[in-house]
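Student: I'll drop the sequence and a predicted model, then ask my questions.
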Amino acid sequence: MRLDVLRVVAGRLANGVLVMAVLSVLIFAFMRAIPGDPVLTILGENVTTAEQYDALRESLGLDDPLHQQYFSWIKQVRQGDFGRSIVTQEPVLPLVVDKLKATIELAFFAVLFGTVLGVTIGAIAAFNRNTFFDGLATVISLVGVSIPVFWLGIILIITFSVTLNLTPIGGMKSFDTIITTVTGFPLLDAILTGNWNAVGDLFRHLFLPALTLGLAPAALIARTTRASMIEVINEDYVKAGMARGLRYPLVLRRHILKNALIPVITVIGLELGVYIGGSIVTETVFSWPGLGRQMMTAIYDNDYPVVQGAILIYAVMIVVINMLVDITYMLVDPRVKL
Amino acid sequence: MSDPVLEMRDFRLVFDTYRGTVQALEGVDLTIYPGECVGIVGETGCGKSATARAMLGFVDKPGRVTGGSIKINGRDILKLRSREMRRLRGREIAFIFQEAKKALNPTVTVGTQLLEAVQAHQRVPRKEALERVHEALRQVGLADPDRLMDSYAFELSGGMAQRVMIAIAIVGNANVLVADEPTSALDVSIQAQVLAVLRQAREVTGSALFLITHDLGVAAENCDRIAVMYAGRVVENGTVEDVFSAPSHPYTARLLAALPSAERETLEAIPGTVPDLVDPPPGCRFANRCEKATQLCVEQRPPMSAIAGRRQQVACHHPLVSTKPARQETMSDG
Amino acid sequence: MVNDIKPASATPAIALERLKVHFPLRGSGLFGRHRKSVVKAVDGVDLTVGSNEMFGLAGESGCGKSTIARVLIGLTAPSEGRVLFQGKPLGSIADSELRTRIQMVFQDPYGSLNPRRTVADIVSDPLVVHTRLNRTQRLEKVDELLEQVGLSAHHAHRFPHEFSGGQRQRIAIARALIIDPGFLVLDEPTSALDVSVQAVILNLIRRFKQERHLGCLFITHDLNLMRFMTTRLAVMYLGRIVETGKTEDIFRSPLHPYTRALIASTPQPKPGGRAKTPPIQGELPSPVNPPSGCPFHTRCPDKIGRVCEIEVPRATMVDGRLVACHLHGTPQSESQADAA
């Protein structure tokens, strides 16, 4: 392991802890500030007496002073205990991690889809600058960036699921598909256990949400790739490579793509944050059993521990992703010193 | 005299722009013999860089070749397919760029790029390729080749980067090198070092060199012959001694008179500007700035003609009378 | 300690006394915890420029010549030492007054003119700030200046992009001269230009210097240009002056090994001038960590020994000029310098 890489990891982790501390206060404050009462949510129509209400409130620890509630929460979190859901009484951490796996699976394919599509379109547009294809790609990218995710999701469902009947309307798998849990990532588990029917089923369910989630980033990646590719193609070192008599595929791979994709890494890194935000909407539209949808439900229910846990996990993800992007950057570009 | 290594005949290049077709190069003739150094001098926009790049078959859009031939070791590269042209690059003709640091890939080590130059044309065992690279690095005066090969362009000084570029150019044993302003981005003391390295390397490899430069001093001190370009044409060529001591084209003379030097009280600027090459005048392109111009100059393009008794040619209807008596020995050229 | 040969006139237009300009580099590391380093761009420079003199500052990139220019026009503050303008310390002159007395022409004719403003606006700017002339009077003055630099009044309402590099440099000169400054700083004014255009600009500068009795600091790396343009010059290396004197003397018999190397390295556009072996080896040391003793000792072909590595050579008067080199540092000549 390179020493400078370790230093970046240490630095980013230290920063991450700071971010988490600030964030935890904000989450805590916001959750208490928004209207709604978890006690009423649990009791629902069954509220009979004030005593009953107070008893439940006390058992949930909600009558303590706010700062005390905060510190006892933090104390628990530090020991890995995110508390229990107010609504279902499930422990929060396993619940959140389980849902996170579904989200990661969706995000992974969205990123893969967005990157492959974006880089390909961008590269083709760059090499065919100022042609019909280039213009078309530009227009499509612009449209892609402008379309709201929820609207796109609905349009895709209407087209592919309702009209063409090619894909399921929502969910992660068909009701009768059973997957043996190994890692908790359904698709990975299905592949590991050799359950190919399940793999097919999962893919059919994955297709539309991944497309929805990946399309806007694909558009941005295409535009970045195009711009940086055009710049690199005109660099002297590309000409110098050709002047040495190198075969074009080598020039393309080592001298053009390697340099042109460096800015694209940044965009993908930034987009990963957007994927996570977008996943909340996408998961809701496609009934994807991920962390985003879980969080939406928890917010409606004023289920403080679940919302707090989910947001903290999201924050950890973003800190880790940023760190990975920085490290990739360092490994790809020798000029980068962080 | 042996056959030329590179011979450019009546080369024509245009650029298609929204304003119209720019007649960038109109009938350029250049010849270089083995081991020779020929300087191509001229001011911004005279076409010297486009000429240099065309020699490697680099004619990028919106450029378009409209005529002529460029023969390298007897083969016209304008008739080659791109695969054949690729085989020529690096092996028969190599290019040295103005800004070496920009001509090195920033994210790939210097060593990889040197090895590429060896391995582009033949399957060489890594060990042998390394030996050849080390040999080339020694020739350009770079000590500690191992450390150097692991470094990146941004870690090198301008002078070191240009030495690396020279090593890349000579490692493939090309017999013509084309250097486009190789030292213009460098300080004078480093320029002197790099030019010396280039000279010494050529003594070993015997390659001919086209040295493209705007600096007449660099041309005078490093070339055997020079060609002066103006507005897309070669207006004069000859040995450095002849051209500098007795310029025969009025443009060359005016250019030399515009150079600051201790002996001069005032500098003579050249009045007027270069004609618009979208619609160039039919005659001599310098006619509008030339005090000796006549109706003939405006109407007819002056042909390149030899000056008696000298290895010098000029494209001018009214060449300057040489104050120096013609030398006795006759030299056969072109 | 270090003296300079005084120019002919009594009060020099510009006097630098032990000028130092040090730029701190940002510390590296996550919280900048590493030791901060300093670039010694100018490290103890003394020089004087007469009020009707064309004084040259020569040297290669990174020697500090442009930093001195920036100090003179108030763009960079000196870290140590004094800058006197007509005998008054720079600090005691208000910025606005300084601008009316010293103007600068920059190297890049494409970057130094605002592309969104007309030539009339650009050239009249100093008048707007520093005079009470009304618009008509200002435009009259602009037309007059444009004529003087070889453009005409109808150019006034065009934009910079409509002009060639040489014409832009004329515009820059017109702007610099419109408020009648007594002193002009010219930082590589022709290095972006072609030879034939350079000639026009150089002639123009010389004419104005003559007509307006301007003091000029002419900065260039091109020694042929230096020889043609200046009457006295200073050669800089790594933030220090290594030799100062009359241009003629220095070119005839350079005393400092660096000066000699620079002159020998400069290609001459003459027949028969075949290049020799390069006069100096090695590269410029980093100004962050300059060599001890004489800054040139790492590359000097005439190094005499340990003394060059340990002791900073003092400027000494030899043959009517100042040299900072141990080769010429006899105590005898030093006392001459003190007397001078």
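Tutor: Perfect, I can see it now. Not measured: the values here are computed from a predicted model.
Student: pLDDT value on the residue of chain A found nearest chain C, please?
Tutor: Per C-beta to the nearest C-beta, residue A:11 is where chain A lies closest to chain C, at 4.7 Å. Where you see a C-beta, it was placed from the backbone N, CA and C, and this is true even at glycine. Note on residue A:11: pLDDT of 84.
Student: count of residues packed around it?
Tutor: 16 (other C-beta atoms under 10 Å in any protein chain shown).
Student: likewise residue B:276?
Tutor: Neighbour number of residue B:276 under other C-beta under 10 Å is 13.
Student: any idea which element it lies in?
Tutor: For residue B:276, there is no enclosing helix or strand under DSSP states H and E.
Student: how close does it get to residue B:285?
Tutor: Using C-beta to C-beta, to the nearest Å, we find residue B:276 at a distance of 11 Å from residue B:285.
Student: and residue B:311, by the same measure?
Tutor: With C-beta to C-beta as the criterion, residue B:311 and residue B:285 are 24 Å apart.
Student: which one of these two is surrounded by more residues?
Tutor: residue B:285 (26 against 20).
Student: any buried residues in stretch B:280-300, and which?
Tutor: For stretch B:280-300, burial by neighbour count (16 or more other C-beta atoms under 10 Å in any protein chain shown) applies to B:280, B:281, B:283, B:284, B:285, B:286, B:287, B:288, B:289, B:290, B:293, B:297.
Student: checking residue B:11 next. Helix, strand or coil?
Tutor: Counting by DSSP: H, G, I helix; E, B strand; the rest coil, the backbone at residue B:11 sits in strand.
Student: same question, residue A:70
Tutor: Quick answer, by three-state DSSP: residue A:70 is helix.
Student: list the contacts of it.
Tutor: The contact partners of residue A:70, by C-beta atoms under 8 Å, 6 or more residues apart in numbering or on different chains, come to A:24, A:25, A:28.
Student: what subset of the residues you listed is buried?
Tutor: Among the contacts of residue A:70, those buried by neighbour count (16+ other C-beta under 10 Å) are A:24, A:28.
Student: if you look at the contacts of residue A:70, which of them are in helices?
Tutor: A:24, A:25, A:28 (DSSP state H).
Student: distance of residue C:41 from chain B?
Tutor: 16 Å (C-beta to the nearest C-beta, to the nearest Å).
Student: surely that residue is within a strand?
Tutor: Yes: assigned with three-state DSSP, residue C:41 falls within a strand.
Student: let me see the ranges of the strands in the stretch 51-200 of chain B.
Tutor: Here the stretch 51-200 of chain B has its strands, by DSSP state E, counting those that start in this stretch, at B:63-72, B:75-76, B:93-96, B:176-180.
Student: so how far is the third one from its chain's centroid?
Tutor: This points to strand B:93-96. Averaging C-alpha positions (C-alpha atoms, centre = their mean, to the nearest Å) puts strand B:93-96 10 Å from its chain's average.
Student: neighbours around residue B:34, how many?
Tutor: 15.
Student: need the contact list for the residue most central in space within chain C.
Tutor: By C-alpha atoms, centre = their mean, the mean C-alpha position of chain C lies nearest to residue C:219, the distance being 3.4 Å. Contact analysis of residue C:219 by C-beta under 8 Å, 6+ apart lists C:56, C:57, C:65, C:66, C:68, C:69, C:185, C:186, C:187, C:188.
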